[in-house]
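Participant: coordinates only, sequence not included:
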């Protein structure tokens with residue numbers, strides 16, 4: 001029997017980061033992955049989608065090149081080439097993770113893991129023992145019990161985030177069920193690629209917990225591209241080539257009444273349907289029940305060190321249900337390994353950024369006005385237009401970008417920053433540092449921002465406060 005200091009199940013962001021850190025520290029590490037190193041993020045999520053979106057962004061720039069004095073005749077987006085390039089990017093990065101594991105002397109085993117107890121894991125006919133176990137099995141798409149969805153998935157008419165990234169042809173019409181990050185990013189790409197896209201969302205706004213004002217601006221931007229939205233709308237059935245849904249009544253939200261007519265049923269034609277209503281922790285099918293761990297809302301419950309209810313079992317990444325983001329998983333992995341090594345470190349979730357990589361980009365960190373009100377925080381907020389930025393004006397013809405900053409009025413520290421515009425994904429890091437370090441208005445005002453940059457918007461907003 002092979003014995004290890006640490007056995008990790010799952011080779012996604014949390015799993016491979018923990019393996020690299022633990023191996024580098026001298027621990028004997030076994031990493032078990034059933035499909036491909038890098039997990040969902042690298043193989044069928046973060047990286048593939050950004051590769052597609054970058055091609056779409058370049059294509060959109062060319063289409064509107066006249067706005068910048070650039071003329072191009074008959075530009076076209078070669079979807080097949082884009083997919084092939086995406087595959088090469090993924091292959092390169094997966095190879096990099098493999099090299100990282102080898103450099104840190106991590107043993108990688110491919111196959112289905114099955115947990116026998118908190119010190120033994122079986123893969124095929126081989127049983128491995130370890131002093132500690134880390135569960136990093138990630139998440140799986142939520143498949144709602146909608147009539148016809150299961151059959152649609154089998155026939156390839158209904159797609160999840162995995163299949164949508166490998167389509168050989170651009171569908172003439174695409175219905176996206178779910179207006180969250182994945183749904184919006186794929187709606188953006190396939191709209192640029194030539195699909196007639198309709199997004200169906202049960203909530204009254206898109207983009208989940210994103211600031212309400214930015215959500216509205218983003219939807220208007222998508223509508224200008226030709227994307228249609230059906231909000232407060234529920235999908236009731238899927239047939240080959242058709243999506244059935246209930247649209248909201250003209251009146252305000254109301255309870256069903258025998259007097260008032262029921263909501264109308266809308267039938268939408270679609271060549272493909274993307275199911276993107278969210279993901280859930282992957283806790284089934286690999287013997288997790290043999291550990292008897294405490295779970296909460298379908299996720300493994302962990303403390304600030306990533307430790308579960310068993311003293312030698314950790315859980316990092318999507319499987320703990322805290323933040324289903326790769327960068328959160330990276331940090332959780334580092335904290336868990338530090339705890340294993342006896343080093344002081346704890347997980348803090350006050351400054352976890354989120355980004356929607358559309359064009360324009362959306363980036364947020366910390367409190368929104370809605371969450372601040374719900375938490376009873378006495379806050380002040382200011383919104384400034386991106387028109388204050390010289391670089392933004394020089395590089396954009398669409399001028400509806402904004403920067404919103406929230407502060408705690410009592411302590412005068414920054415508690416939230418929300419950006420809508422170019423470079424938002426890169427700028428948000430500075431806001432993360434401000435919140436993590438509990439910087440006050442006076443502290444931020446003393447920081448020298450490079451000029452001309454779009455990041456200066458945060459400084460402008462702080463001085464407005």
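Facilitator: In hand now; what should we look at? Just so it is clear, the model here is predicted, and its values are computed rather than measured.
Participant: what about this protein, any weak spots by pLDDT?
Facilitator: Where the chain drops to pLDDT under 70, the residues are 1, 249-263.
Participant: quick one: the residue most central in space within the chain from residue 279, how far?
Facilitator: Computing the C-alpha centroid of the chain and ranking residues by CA atoms, centre = their mean puts residue 325 first, at 5.4 Å. As judged by CB to CB, to the nearest Å, residue 325 and residue 279 stand 11 Å apart. (Each C-beta comes from the backbone N, C-alpha and C, glycine too.)
Participant: Is it correct that residue 142 is in contact with residue 282?
Facilitator: No - the pair residue 142 / residue 282 is not scored as a contact, 11.5 Å apart, by CB atoms under 8 Å.
Participant: Comparing those two, which shows the higher neighbour count?
Facilitator: A direct count of neighbours by other CB atoms under 10 Å for residue 142 and residue 282 places residue 282 higher, at 21 against 13.
Participant: got the phi/psi numbers for the more buried one?
Facilitator: Note on residue 282: backbone dihedrals following degrees, to the nearest 10 are phi -90, psi 100.
Participant: Cross-check the contact I'm expecting between it and residue 321.
Facilitator: No - the pair residue 282 and residue 321 does not pass the contact test of CB under 8 Å, sitting 10.6 Å apart.
Participant: in its sheet, what does the lengthiest strand in the chain sit against?
Facilitator: In the chain, assigned by DSSP state E, the strand with the most residues is strand 126-135. With DSSP bridges as the test, strand 126-135 is paired with strand 2-9 (parallel), strand 120-123 (antiparallel), strand 313-315 (parallel).
Participant: Quick one: the helices in this structure, in order.
Facilitator: Taking DSSP state H as the test, the helices found in the chain are 13-24, 39-44, 46-63, 79-103, 149-155, 181-193, 212-224, 326-340, 369-374, 390-395, 424-436, 441-445, 456-464.
Participant: May I see these arranged in JSON lines, with distance to residue 380 and mean neighbour count as well?
Facilitator: Converted to JSON lines, the helices of the chain look like this (distance: least, CB to CB, whole Å; neighbours: other CB atoms under 10 Å):
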{"stretch": "helix 13-24", "distance to residue 380": "36", "mean neighbour count": "26"}
{"stretch": "helix 39-44", "distance to residue 380": "36", "mean neighbour count": "24"}
{"stretch": "helix 46-63", "distance to residue 380": "34", "mean neighbour count": "18"}
{"stretch": "helix 79-103", "distance to residue 380": "42", "mean neighbour count": "15"}
{"stretch": "helix 149-155", "distance to residue 380": "45", "mean neighbour count": "15"}
{"stretch": "helix 181-193", "distance to residue 380": "28", "mean neighbour count": "25"}
{"stretch": "helix 212-224", "distance to residue 380": "16", "mean neighbour count": "17"}
{"stretch": "helix 326-340", "distance to residue 380": "28", "mean neighbour count": "23"}
{"stretch": "helix 369-374", "distance to residue 380": "10", "mean neighbour count": "14"}
{"stretch": "helix 390-395", "distance to residue 380": "24", "mean neighbour count": "15"}
{"stretch": "helix 424-436", "distance to residue 380": "15", "mean neighbour count": "20"}
{"stretch": "helix 441-445", "distance to residue 380": "10", "mean neighbour count": "15"}
{"stretch": "helix 456-464", "distance to residue 380": "10", "mean neighbour count": "20"}
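Participant: Which one of these lies nearest to residue 359?
Facilitator: Distance to residue 359, taken as CB to CB, is lowest for helix 46-63 among the helices of the chain, at 5.0 Å.
Participant: Centre of the chain to the closest one, how far?
Facilitator: How far helix 46-63 lies from its chain's middle: 17 Å, per CA atoms, centre = their mean, to the nearest Å.
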